[in-house]
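I would like to see how this sequence folds:
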Amino acid sequence: INDRHCFEIYGYDIIIDDSLKPWLIEVNASPSLSATTIGDRNMKHAVINDAFNILCPEGQLPDVKATHYPTAEQMGSFEILYDETLLASASGGTPASSRKAAKRSTSS
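Residues are numbered from 1 along each chain as shown. Alright, predicted model coming up:
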């Protein structure tokens, strides 16, 4: 979704084998946030809490027009896997122009 008014949380199903190697089973675009155990409830509460801390940092109101980059403290236990701003600064453009350039280079 390319809309500043939306965000998504993905759920990853992983198993760990006897050698402690993780195996990705599936990725869920709409993971269940219902809880069946105390541990499950605590983990999902932390995920929701961290998501809201990124969206609405303490003392700030949400503003879709403002450029907001969360601090490490606001990120909680999330990690950045892909950062458009780094791609844009490396290519000398904006995140949108970097996406367009990436799309053009993959379509030829």
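
Only the buried residues of stretch 50-57, if you could.
Judged by neighbour count (16 or more other Cβ atoms under 10 Å), stretch 50-57 contains these buried residues: 50, 53, 54. No exception for glycine: its C-beta is placed from N, CA and C like everyone else's.

Which helix or strand in this protein has the lowest average pLDDT?
Of all the helices and strands that make up the chain, helix 95-107 has the lowest average by mean pLDDT, DSSP states H and E, namely a mean of 45.

which stretches of the protein form helices?
Using DSSP state H, the helices found in the chain span residues 38-55, 72-75, 84-91, 95-107.

what number of residues lie near the closest residue to residue 46 other than its chain neighbours?
Nearest non-adjacent residue to residue 46, counting by Cβ to Cβ, 6 or more residues apart in numbering: residue 77, 6.5 Å away. Per other Cβ atoms under 10 Å, the neighbour tally for residue 77 reads 9.
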